[in-house]
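Novice: prediction below, plus the sequence it came from.
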Amino acid sequence: MFSFLSSAKADVGAIAEGSANVTPVNSTQITLTKENLEINFFYNNAGVDALFYMKNTGDKIDQKMGFPFGGNAGYPSYMAVYVNGEKLAESAITENDSNSEMWKIFTVPFGKNEEKTIRVKYTVQDLFAPTFTYLIKTGSTWKGSIGELNTTITLPDEAKPPFFLKAIPSGYSTKGKTIVYHLKNYEPNENILIEFLPLDFYKEMEKLRETAYKTNKPEDWYDYLKELLPLDIVGPYGSRNVHGYFVNEYKTDGYKNFVQSELKKGIDACKDTAYGKILNIAYAAHFDEEDTFISGVLVMKDFSNIENIFKDELENPKTKEVGRVVAYYYWWKANALGGMAPKYESFNALAKFIKYAEKYILFDECRGINNVEIVAYSPFFSDCTPIFEEFIYPKEVSVTKDVSDKVRSVRFDFQLPHDALLEQYKRYMQDDAKKISSGISELTFDFESGDSHTFFMTCTVPQDNLALLESKIEKIPQILGTEHSPFYVYPKAFLEDLKENSLLTEFNVKNNRENAILQLEKAEEEIDGNVTDYWRRMEDGMYSNTYKGVIEIPIEYIERNKYFLKEVPDKIPIELIEEKKAFTNKVLFILITLIATVAILSAIFIERRKR
């Protein structure tokens, strides 16, 4: 494949004498009056030819200067430096590391007010991603601005969309395969960044694109757009698609905007067809939520839009293509729900994936897969304590009462095995809390972090109307789309205790625990029930990782959770916190009257003694 790695190449920069780390500093007397820069891309490498016109504005100086190479670019396979047309000996060029960059360093002597040309040529090979960065910001280390910058960048194909996606900074022109900059008195505050498509990918994609635009047939549009998306369409870029990996290397939204624009056109051309449904689910996965373009369904939390698009076909796909997408959709749904604050629905989705994969994902049709696995990892964690919502039972519960002995707030203390999981769980709970607060103003939730992998969720409730509180809590499943949220489970259980026991000395979690165990056993039965010969033949063969990720680890996860739940106590003690009674207006009036009366009586007593 023709492609280029995210490269970090640079303008020559001034080097500080005696620095602890070799870093560029502002030069006090050398100016960069002109630079002619040429960058040429070939099959799997890039060649750079940079000619610098420099002038010493001060006394004689031996100026150290260098080029930084770093990031993902690696080191140049070839580099030559010329001063006034004469090539420096290789021994005159040294190397030094600064942070993640390697500097090629050399010294150029300047006489007083002398002008010289420095030319640097190098080649970078084995490039892997279609984005190239030239670190022109290092040019700001010289005295003043760059007097004149002339840059010509030659791409391996026409410098126009969609092959050429984006260039930074603005102010360039294109002609044929070239991108040209002519800048004067330029103060470089951003690097030159070029993004384009891998050539092999572009040529294949462009054939399909031309056909789709010419015929406007749904099947042609689908074939074209499928080339722009990951193999399973709703999944993340770079997962298993031989082309998809490069998308992760882009630094701008150029490719994202291109795909979004083309998807909209394709959806319009494919409306009222099975292809249109698939493209709609692709659009929802990659664009309906912020920052989901790269990750797709993997990071989605709300699947209602997708489920509304497919409706009955989620249970009974009408075509093989729909079935394939539906199968992968259930895999990513299991992944998304299993990877964040999970719900029982993740096991249900996994069981459906196991069922549909046998029918719609044939191994000999897995085009473009870098490895032989249809999936190679599990959506569940086999090495940590459970993270299902009911499984995270509160370690402590405290209740705060107001002055009239009515409950004002309930605080639940949650602990998780490590901070990363704690922050993830807390973040998703906060997202759910926002949904609830917009629909139930009388019931609010606050969060704060504690020590030892702990965070607190405080539920503030109406003070004098349990019926109102109950009606508000019952709306939560409709708002969140599940009955398994702690925003529903714990306030509901607490409400039941509140009705039965005004002292609230213990919080009953027994019912929640037993319900969780039943749900786990049901999930285990569904997974086992869908494990046919299709899956069993993977167990010891080349698909063993698939079998482990889809079957073994989830079953192990369920067994660990069942064991964990059996250790959960039936009841959790509740700490009662009573607020100090504040002065009422009546008490304040009586107190003021009493003080005034004492003052008057004292005055009368003093007056009488004077007489």
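Specialist: Looks like it arrived, so ask away.
Novice: just checking, what packs against the helix or strand in which Lys34 is found?
Specialist: Element membership for Lys34, per DSSP states H and E: strand 30-41. Strand 30-41 sits against strand 45-56, strand 131-135, strand 146-154, with contacts defined as 3 or more Cβ pairs under 8 Å, 6 or more residues apart in numbering; DSSP states H and E. Backbone N, C-alpha and C define where each C-beta goes, glycine included.
Novice: and the second one, average pLDDT?
Specialist: The one in question is strand 131-135. Mean per-residue pLDDT for strand 131-135: 73.
Novice: next one: that strand to chain centre, how far?
Specialist: 24 Å (Cα atoms, centre = their mean, to the nearest Å).
Novice: over to the longest one?
Specialist: Between the mean C-alpha location of strand 45-56 and the chain-wide mean there is a distance of 38 Å, by Cα atoms, centre = their mean.
Novice: check the last one too.
Specialist: Between the centre of strand 146-154 and the centre of its chain there are 36 Å (Cα atoms, centre = their mean).
Novice: report the buried residues of stretch 537-557.
Specialist: For stretch 537-557, a neighbour-count test (16 or more other Cβ atoms under 10 Å) marks 538, 543, 545-551, 553-557 as buried.
Novice: mind putting those in JSON lines, pLDDT, secondary structure and distance to Glu204 included?
Specialist: JSON lines is the format used below for the buried residues of stretch 537-557 (pLDDT from 0 to 100; DSSP: H, G, I helix; E, B strand; the rest coil; distance: Cβ to Cβ, whole Å):
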{"residue": "Met538", "pLDDT": "83", "secondary structure": "coil", "distance to Glu204": "31"}
{"residue": "Tyr543", "pLDDT": "78", "secondary structure": "coil", "distance to Glu204": "28"}
{"residue": "Asn545", "pLDDT": "82", "secondary structure": "helix", "distance to Glu204": "29"}
{"residue": "Thr546", "pLDDT": "84", "secondary structure": "helix", "distance to Glu204": "28"}
{"residue": "Tyr547", "pLDDT": "88", "secondary structure": "helix", "distance to Glu204": "33"}
{"residue": "Lys548", "pLDDT": "88", "secondary structure": "helix", "distance to Glu204": "34"}
{"residue": "Gly549", "pLDDT": "86", "secondary structure": "helix", "distance to Glu204": "30"}
{"residue": "Val550", "pLDDT": "89", "secondary structure": "helix", "distance to Glu204": "31"}
{"residue": "Ile551", "pLDDT": "91", "secondary structure": "helix", "distance to Glu204": "36"}
{"residue": "Ile553", "pLDDT": "87", "secondary structure": "helix", "distance to Glu204": "36"}
{"residue": "Pro554", "pLDDT": "88", "secondary structure": "helix", "distance to Glu204": "37"}
{"residue": "Ile555", "pLDDT": "89", "secondary structure": "helix", "distance to Glu204": "41"}
{"residue": "Glu556", "pLDDT": "86", "secondary structure": "helix", "distance to Glu204": "42"}
{"residue": "Tyr557", "pLDDT": "83", "secondary structure": "helix", "distance to Glu204": "40"}
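Novice: related to what we said a few turns ago, how big is the angle separating the strand holding Lys34 from strand 45-56?
Specialist: 170 degrees (axes from the mean of the first three to the mean of the last three Cα atoms, to 10 degrees).
Novice: what are the contacting residues of strand 30-41?
Specialist: Residues outside strand 30-41 that contact it (Cβ atoms under 8 Å, 6 or more residues apart in numbering) are 4, 11, 14, 46-57, 61, 63, 110, 115, 132, 134, 139, 142-144, 146-156, 194.
Novice: only the buried subset of the residues you listed, as a PyMOL command please.
Specialist: Restricted to buried positions by 16+ other Cβ under 10 Å, the PyMOL selection for those reads:
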select buried, resi 4+11+14+46+47+48+49+50+51+52+53+54+55+56+61+63+110+132+134+139+142+143+146+147+148+149+151+152+153+154+155+156+194
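Novice: ok, which of the helices and strands packed on strand 30-41 comes nearest Leu228?
Specialist: strand 131-135 (17.1 Å; Cβ to Cβ).
Novice: can you name the residues bridging to Tyr78?
Specialist: Thr123 (DSSP bridges).
Novice: and Asp432, what element?
Specialist: helix 419-439.
Novice: what packs against that helix?
Specialist: Looks like helix 419-439 contacts strand 444-449, strand 454-460, helix 476-480, helix 486-500 (3+ Cβ pairs under 8 Å, 6+ apart).
Novice: what's the domain layout of the protein?
Specialist: Split into domains by automatic domain parsing, the chain comes to 7-196, 200-365, 396-508, 583-611.
Novice: so which of the ones you listed is the most surrounded?
Specialist: domain 200-365 (a mean of 19; mean count of other Cβ atoms under 10 Å).
Novice: and it, how far from the chain's centre?
Specialist: 18 Å.
Novice: can you put the domains of the chain in CSV and add distance to Leu565?
Specialist: CSV is the format used below for the domains of the chain (distance: least, Cβ to Cβ, whole Å):
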stretch, distance to Leu565
domain 7-196, 46
domain 200-365, 13
domain 396-508, 14
domain 583-611, 48
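Novice: pLDDT averaged over the strand holding Lys34 - what is it?
Specialist: Mean predicted lDDT for strand 30-41 stands at 87.
Novice: quick check: angle from that strand to strand 146-154?
Specialist: Using the same axes, to 10 degrees: strand 30-41 against strand 146-154 is 10 degrees.
Novice: all numbers from here: first residue = 9
Specialist: Got it, the first residue is 9 from now on, which makes the last one we talked about strand 38-49.
Novice: what's the angle between strand 38-49 and strand 139-143?
Specialist: Using the same axes, to 10 degrees: strand 38-49 against strand 139-143 is 170 degrees.
Novice: if we can go back for a sec, between the helices and strands packed on helix 427-447, which gets nearest to Leu430?
Specialist: That would be, of the helices and strands packed on helix 427-447 and by Cβ to Cβ, strand 462-468, which comes in at 6.1 Å.
Novice: elements contacting the closest one?
Specialist: Checked by 3+ Cβ pairs under 8 Å, 6+ apart, strand 462-468 has strand 415-423, helix 427-447, strand 452-457, helix 494-508 packed alongside it.
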